[in-house]
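J.: starting from these lines, generate the structure:
(chains A and B)
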Amino acid sequence: MSENGHIVVKGIHKIFKKGRTDEVRAVDGVDFSIMKGELFGLLGPNGAGKTTLIKCISTLLIPDDGSVTVGGYDIYKESLEVRRHIGVLTGGERSLYWKLTPVENLRYFAALYGVPRKSVRKRIEFLLELMGLTDKATVRVEKLSSGMKQKLSLARVLVHDPPILLVDEPTLGLDPYFARFIRDFIKNELNRRLGKTILLTTHYMDEADELCERIAFMNRGKIEAMDTPVRLKQSMPQKQVLEIKCQGSLDKGIFDGIREAASINVSHDDGLVYVRVNTDNPEVILSNIIELVREKAKIVSVRVTVPTLEDVFVHLTGASLKDG
Amino acid sequence: MWVIIEEVRKSFRILLAYPVEVVFWIFSPLLWVIPLVFQGKALIGAFSSTPFGSLAGTDEFIPYVLIGAIVSTYMFSAVWSMGNSFRDETYYGTLEHILSAPVQPGYILIGKGLYNSILSTSFVIVQLLICVFIFGLNITLAKIFPIFLFLFLLIVGLYGIGFMAAALTLLIKEAHGMLHMFEYVLFLFSPIRYPVEVNPITKAISVFIPLTYALIALRGLLLNIEFNFWKNSIILLAIDCTLLPLGLFVFRRIEKRTKTRGTLADY
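T.: As a prediction, this is how the structure comes out:
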């Protein structure tokens, strides 16, 4: 692990007590390093510990053990410097004052983040222009759409021009148009053009695959694997995936007798069930699988494809990214 | 400093977004006064009473209680508003975003406190005008400076209590019950509504409550009751010097505790 990383996380642990005896190991010995200008992704299902980790890095949560430096500053001893160098974007809409206008929100956060008073007006105008919100500058936030609110949240994060961005589930709950805008903006504007170091957490496989130079799979507080998306997919021992799309209700347990499959994942999306079987010999197990599926559901389509990050995740952890 | 100004500006803008709340702030000083006038009149049949005077140092019941109401306005606005301010931020969803800013939370709290003090002062000015024009309270220009001096000394100490109340809210989230209890204890043991000399226990405990000294001084100034100016100023100053750093210390400790437990933004 590089000591010269822009964000260096070493041996972080965070345990939450639940009642007198129970505890949840939200982050359980995590190590990674993110280089300056890198777009690094933490991919994992809900409850994997991604947000807890982001909160530790952003000084909102004090880890039980381990060390974190951000831009060379220690989160324990130099928390104010850490905060000066980061911007934190979370998914969901509630990170702004809904009764204030975009200008009023940005002005307040500019003061909070120490933007020189003389340059605030120009900075706000620039950010609103950048986000295409100039015509909404004096409209109360409560009147804006979810996507516009998220654009404004991005402007808020950028108000002090931080070199490091912690982006937690940025497209959560957004419609496809705004999700596309946010993804393109993160990749092209923030990372490529402005050279920001970005730690992005997501449970959307496509988002991580499309945006991130490197990805760490996180599950139950641990990092299970870390590499480029291409190498992660190449690491699969079986290079083919049999995908069956169907309608109905399927339980993963019905496939327990299929021994030729390296892993089987059953997921639900848009009212359809997707069965993905990772195998080297799809033609061998095809008839068995179809027979099992037909007993419970109506098959819509069958195809042989290549592994996705979701398949790698299932292969490594036995869990789906949609779990949690 | 800019953070404090922007915090005040933001708080007022949010207040103005709720017109009914503004109406409350305009009319509440009047609503405060009227029951006290009726209560006094019903109890003693007039605005002055000799038995009351033997305990309070003035026969004037209504102005006495009104001054108690003025001082307690500051007290309770500091405790309630600063106490609940971070709870409001939790509701807005902005608490984590302001606490992850590179600024000490103390400045944000001072901004919130200043906003409350401005509101309270406007409230108090209306109350004072009622005292002057309805009850003939004599406020000469010479008294203005000492009045504001004592109000300032009171407010600084109250910020310390406000910090602790804010910390308490971060810790236990729903602190209404405890804040109510605190309010009732002060009503009981400090001379807000009645002279604590009426009972030996209330008299003994009142000595330990900072509000008592502000009330003695302000009543002394406004109602011409004899009091020791320097003694009360120095005691209040000493209380300020204790409560303000203590409030910040308690806030930082509890903020750290909630960050360790991971309950910062919990409802």
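
J.: what parts of the stretch 151-300 of chain A come near chain B?
T.: Within reach of chain B by C-beta under 8 Å from any C-beta of the partner chain, the stretch 151-300 of chain A has these residues: residue A:156. Bear in mind the C-beta positions are built from the backbone N, C-alpha and C, glycine included.

J.: nearest to chain A: which residue in the stretch 1-150 of chain B?
T.: residue B:93 (2.5 Å; C-beta to the nearest C-beta).

J.: quick one, grab the pLDDT at the residue lying closest to that residue once chain neighbours are set aside.
T.: Sequence neighbours aside, residue A:94 is the residue nearest to residue B:93 in space, at 2.5 Å (criterion: C-beta to C-beta, 6 or more residues apart in numbering or on different chains). On pLDDT, residue A:94 comes in at 77.

J.: give me the number of residues near residue A:94?
T.: 15 (other C-beta atoms under 10 Å in any protein chain shown).

J.: same deal with residue A:154?
T.: For residue A:154, the neighbour count with other C-beta under 10 Å is 24.

J.: what's the spacing between it and residue A:130?
T.: From residue A:154 across to residue A:130, the span is 9 Å (C-beta to C-beta, to the nearest Å).

J.: and for residue B:24?
T.: Counting by C-beta to C-beta - residue B:24 and residue A:130 are separated by 40 Å.

J.: these two: who's more crowded?
T.: residue A:130 (15 against 11).

J.: list the contacts of that one.
T.: By C-beta atoms under 8 Å, 6 or more residues apart in numbering or on different chains, the contact list for residue A:130 reads A:155, A:189.

J.: let me know the pLDDT of it.
T.: 90.

J.: give me the phi and psi for it.
T.: Dihedral angles of residue A:130 (phi, psi; degrees, to the nearest 10) stand at phi -60, psi -40.

J.: residue in the stretch 201-324 of chain A nearest to chain B?
T.: For the stretch 201-324 of chain A, C-beta to the nearest C-beta, closest residue to chain B: residue A:221, 13.1 Å.

J.: just the strands in the stretch 201-324 of chain A please.
T.: Assigned by DSSP state E, counting those that start in this stretch, the stretch 201-324 of chain A shows strands spanning A:214-219, A:222-227, A:240-248, A:263-269, A:272-279, A:297-305.

J.: so the first one versus strand A:222-227, what angle?
T.: By that I understand strand A:214-219. Per axes from the mean of the first three to the mean of the last three C-alpha atoms, to 10 degrees, the angle that strand A:214-219 makes with strand A:222-227 is 160 degrees.

J.: strand A:214-219 - which strands sit beside it in the sheet, and in what orientation?
T.: Strand A:214-219 pairs in its sheet with strand A:39-43 (parallel), strand A:222-227 (antiparallel), by DSSP bridges.

J.: any regions of chain B where pLDDT drops low?
T.: Low-confidence segments of chain B (pLDDT under 70): B:29, B:33, B:137-139, B:141, B:265, B:267.

J.: give me the most central residue, it.
T.: Central residue of chain B (C-alpha atoms, centre = their mean): residue B:75, 1.5 Å from the mean position.

J.: let me see the contact set for the residue nearest to residue A:265 when sequence neighbours are not counted.
T.: Computed as C-beta to C-beta, 6+ apart, the closest residue to residue A:265 that is not its neighbour in sequence is residue A:314, at 4.3 Å. Applying C-beta under 8 Å, 6+ apart, we find residue A:314 in contact with A:263, A:265, A:276, A:278, A:320.

J.: contacts only, for residue A:167.
T.: A:89, A:186, A:198-201.

J.: how close does residue A:196 get to residue A:116?
T.: Counting by C-beta to C-beta, the gap from residue A:196 to residue A:116 is 20 Å.

J.: again, but for residue A:122
T.: Taking C-beta to C-beta, one finds residue A:122 at 10 Å from residue A:116.

J.: three-state assignment of residue A:62?
T.: Using DSSP: H, G, I helix; E, B strand; the rest coil, the structure places residue A:62 in coil.

J.: that one contacts residue B:255, correct?
T.: No - between residue A:62 and residue B:255 there is no contact under C-beta atoms under 8 Å: 10.1 Å.

J.: hmm, back to that, tell me which element the residue nearest to the centre of chain B falls in.
T.: Assigned by DSSP states H and E, residue B:75 falls within helix B:61-77.

J.: next secondary structure element downstream of that helix?
T.: Next helix or strand after helix B:61-77 toward the C-terminus (DSSP H and E): helix B:83-92.

J.: quick one, phi psi at residue A:194?
T.: phi -90, psi -10.

J.: if I look at it, how far off is residue B:26?
T.: For residue A:194 relative to residue B:26 (C-beta to C-beta), the value is 48 Å.

J.: and the strand or helix carrying residue B:13, anywhere near chain A?
T.: For residue B:13, the host element (DSSP H and E) is helix B:2-16. Yes - part of helix B:2-16 sits near chain A under the criterion C-beta under 8 Å from any C-beta, namely B:2-3, B:5-7, B:9-10, B:13-14.

J.: number of nearby residues for residue 115?
T.: Went with chain A since none was named. Neighbours around residue A:115, by other C-beta under 10 Å: 19.

J.: look at chain B instead
T.: As a burial measure, residue B:115 scores 23 neighbours (other C-beta under 10 Å).

J.: test my guess that it contacts residue B:13.
T.: No - contact status for residue B:115 versus residue B:13: not in contact, 10.5 Å apart, counting by C-beta under 8 Å.

J.: for residue B:232, give me its contacts.
T.: Contacts of residue B:232 (C-beta under 8 Å, 6+ apart): B:150, B:213-214, B:216-217, B:220.

J.: now do it against residue B:248, distance only.
T.: For residue B:232, the distance to residue B:248 - C-beta to C-beta - is 25 Å.

J.: roughly how far apart are residue B:180 and residue B:250?
T.: Applying C-beta to C-beta to residue B:180 and residue B:250 gives a distance of 20 Å.

J.: mean pLDDT lowest for which of the strands of the stretch 201-324 of chain A?
T.: strand A:263-269 (a mean of 83).

J.: how much does it deviate in direction from strand A:272-279?
T.: Using the same axes, to 10 degrees: strand A:263-269 against strand A:272-279 is 160 degrees.

J.: how far does stretch A:268-284 sit from the chain's center?
T.: 24 Å (C-alpha atoms, centre = their mean, to the nearest Å).

J.: what does it rub up against?
T.: A:236-250, A:255, A:258, A:260-267, A:285, A:289, A:293, A:297, A:300, A:304, A:307, A:310-311, A:314-315, A:322.

J.: and the strand or helix carrying residue B:186 with helix B:61-77, angle?
T.: For residue B:186, the host element (DSSP H and E) is helix B:176-189. Relative orientation of helix B:176-189 and helix B:61-77, computed by the same axes, to 10 degrees: 150 degrees.

J.: and helix B:176-189, what does it pack against?
T.: For helix B:176-189, the packing partners by 3 or more C-beta pairs under 8 Å, 6 or more residues apart in numbering or on different chains; DSSP states H and E come out as helix B:61-77, helix B:141-172, helix B:200-206.

J.: number of nearby residues for the closest residue to residue A:73 other than its chain neighbours?
T.: In this structure, residue A:73 finds its nearest non-sequential neighbour in residue A:81, 4.2 Å apart by C-beta to C-beta, 6+ apart. Residues near residue A:81, counting by other C-beta under 10 Å, number 17.

J.: report all helices and strands that whichever helix or strand residue A:81 is part of contacts.
T.: Element membership for residue A:81 (DSSP H and E) is helix A:79-85. On a contact count with 3+ C-beta pairs under 8 Å, 6+ apart, helix A:79-85 meets strand A:73-74.
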